[in-house]
Each structure stands twice: as structure tokens, then as C-alpha cells.
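**Q** take this sequence and fold it.
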Amino acid sequence: MFKLSKPLAALFLFASVTAHAGVFDDDEARKAILDLRAKVDALSKDFDARIARMSDNKLDRSAALDFTNQHEATLAEIAKLRGQIEVLQNAIATVEKRQKELYADLDARIKKLEPREVTVEGKTVEVDPGEQKAYEGAMETFKGGDYAAAARELGDFVRRYPGSGYAANAQYWLGNAHYAAQNYKAAIAAQQDVVSNYADSPKAPDAMLNIASSYLELKDKKNAKKTLQSLVSKYPESPAAATAKERLKALK
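**A** Now for the predicted structure:
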């Protein structure tokens, strides 16, 4: 079953609560407008009825003055109610505008958290933005020459993202970071993980070549030759195999 990441789940919860609040306010305002319009209609009908009665009856001066006052009061009340309707309509328009802006902002945030497609060793894979940032950050550290720090960052990456599309590469460069830091036993262990766990990765032959180089640095020619021979046998068409053959000649 698909599960939302914590950042995505939080954003969806925020959207749900905010949307509910916005709809509630909007509905209340619309109800108020309907009530005010009903009052305007009622006043208008009452006013029309008074006009009709006035036309059917002869009014004395006092009655005519009273009617005029009522007429003005009714018009003032209608104008007041129409003003309130306009205020509420503007309020609704403002709420709707804010909701559109909110959803546009929310959509942009969600897109930043969504997995994206990247090409790794010729294969298209999906990675999370945080995952990609962590890998690229570790590689920048490696390129900067701080191999001890790069080894820590790459080691942390493979622990956090064992199923990542970057995992094989991260494991391979972890081995290279150890090798560059002259930690040859750690380099062998890291590259052996590439060979064991990512045998189909294009990095696997290179990992074996690195293992052989680490053995040579440890003055273990026997295991170096064994690794090179295994490389040629397992990945005969790889560029690493061609290099391995040359090294085997030199080791004779």
C-alpha cells in the first residue's frame, strides 16, 4: 500500500483543515447574503403594498407626511441592506482569492516533495528530493577531496536509502573514498558489498578492480590476482576486465 512521506502527509492535512475552514466561512457569508436579500425583498413588497393603498385611498396631509417618512426610512433600510450584501460579496471574493493562492502555493510545495525521475548509469529511476540532495552533497564532498567526510556521508546514505537508485553508486564511491583515504580494508569491504548486492550494476566490475588495487596496497598479491581473474571471468566484456588482463600480465 502506498504511504505518504511525513512532509507530504503534513501538507495534505494542512490543506484539508484550511479548505474546510474556508468553505465554512464562505457558506456562512452566502447564507447571510440570502437572508439580507430576503429582507430587501420583504421591504420592497411592503413598500409596493403601501403605494397601492395610497393610490386607492385619499390621504390627508398628516397621513401623506407619515407615508413619506416611512418611504424614506424604507429606502434607507434597503440601501443599508444592499451595502451589507456588497460587503459580504467582497468578503467572499477575497476568501476565494486567498483559497486559490493557498492551493497554488500548496501545489508548488507538494511538487517539491514528489519523487522525480533521474538517469543513473543509463537507467531511469525515481528518487525523492531529499535523497537526491543527500547523494549529490556526499559526492560534492568527495570531489572536494575530504575523503573521510565523504566516507561518512556516503555510508550514511546507503544506510538511509538502501533501495535507492543511487545505492550501488553510493556504495561504490564509499569504497573509493576509503581507498583514497588509504583505508584499504574498509575499501575492500565496501566494494565487496557492490559485487554482492549490486552484481548487475555497471559499477560492479570497477568495484572488483578497486578490490584488487586495495589488496595490492596491502601487499596481498595472491588475493589481488584472484580478484582480477574473477573479474575477467565474471565480466569479460567490461572495460574493467581489459584493465584486469593488463594487470594480471604485470603480476606474473
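**Q** break this structure into its domains for me.
**A** Listed domain ranges for the chain are 6-113, 118-251 (source: automatic domain parsing).
**Q** how about those domains in a markdown table, adding mean neighbour count?
**A** From N, CA and C alone the C-beta is placed, and that goes for glycine too. As requested, the domains of the chain are exported to a markdown table (neighbours: other CB atoms under 10 Å):
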| stretch | mean neighbour count |
| --- | --- |
| domain 6-113 | 13 |
| domain 118-251 | 18 |
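**Q** just put the ones you listed in JSON lines and tack on mean pLDDT.
**A** JSON lines is the format used below for the domains of the chain (pLDDT from 0 to 100):
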{"stretch": "domain 6-113", "mean pLDDT": "65"}
{"stretch": "domain 118-251", "mean pLDDT": "95"}
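**Q** how distant is the host helix or strand of Arg247 from the center of its chain?
**A** Under the criterion DSSP states H and E, the helix or strand holding Arg247 is helix 239-251. Helix 239-251 has its average C-alpha position 46 Å from the chain's average C-alpha position, going by CA atoms, centre = their mean, to the nearest Å.
**Q** I'd like to know which elements it is packed against.
**A** Counting contacts by 3 or more CB pairs under 8 Å, 6 or more residues apart in numbering; DSSP states H and E, helix 239-251 is packed against helix 203-217, helix 221-234.
**Q** so which of these is nearest Gly130?
**A** Taking CB to CB as the criterion, helix 203-217 is the member of the helices and strands packed on helix 239-251 that comes nearest to Gly130, at 22.7 Å.
**Q** and that closest one, what other elements does it pack with?
**A** Packed against helix 203-217 by the contact rule (3+ CB pairs under 8 Å, 6+ apart) you find helix 167-180, helix 184-197, helix 221-234, helix 239-251.
**Q** any idea which of the ones you listed gets closest to Ala49?
**A** Proximity of the helices and strands packed on helix 203-217 to Ala49 was assessed by CB to CB; the nearest stretch is helix 167-180, lying at 83.0 Å.
**Q** returning to that earlier point: and the helix holding Arg247 with helix 221-234, angle?
**A** Following axes from the mean of the first three to the mean of the last three CA atoms, to 10 degrees, one obtains 140 degrees for the angle between helix 239-251 and helix 221-234.
**Q** now do helix 239-251 and helix 203-217, the angle between them.
**A** Here the directions of helix 239-251 and helix 203-217 differ by 20 degrees (the same axes, to 10 degrees).
**Q** who are the contact partners of the nearest residue to Lys221 once chain neighbours are set aside?
**A** If the residues on either side of it in the chain are set aside, Lys221 comes closest to Leu251, at 6.3 Å by CB to CB, 6 or more residues apart in numbering. By CB atoms under 8 Å, 6 or more residues apart in numbering, the contact list for Leu251 reads 221, 224-225, 228.
**Q** how far away is Leu251 from Ser213?
**A** Relative to Ser213, Leu251 is positioned 12 Å away (criterion: CB to CB, to the nearest Å).
**Q** where do the contact lists of the two overlap?
**A** Common neighbours of Leu251 and Ser213 (criterion: CB under 8 Å, 6+ apart): Ala224.
**Q** tell me if Asp200 really is in a strand.
**A** No: going by DSSP: H, G, I helix; E, B strand; the rest coil, the assignment for Asp200 is coil, not a strand.
**Q** for it, give its distance to Ile211.
**A** Separation of Asp200 from Ile211 (CB to CB) stands at 18 Å.
**Q** how near is the closest residue to Glu153 other than its chain neighbours to Lys97?
**A** With sequence-adjacent residues excluded and distances taken as CB to CB, 6+ apart, Glu153 is closest to Ala138, at 3.7 Å. Ala138 is 44 Å from Lys97, where distance means CB to CB.
**Q** try Asn169
**A** Summarising the geometry, the distance separating Asn169 from Lys97, computed by CB to CB, is 47 Å.
**Q** what sits against Phe157?
**A** By CB under 8 Å, 6+ apart, the residues touching Phe157 are 134-135, 138, 164, 166, 170.
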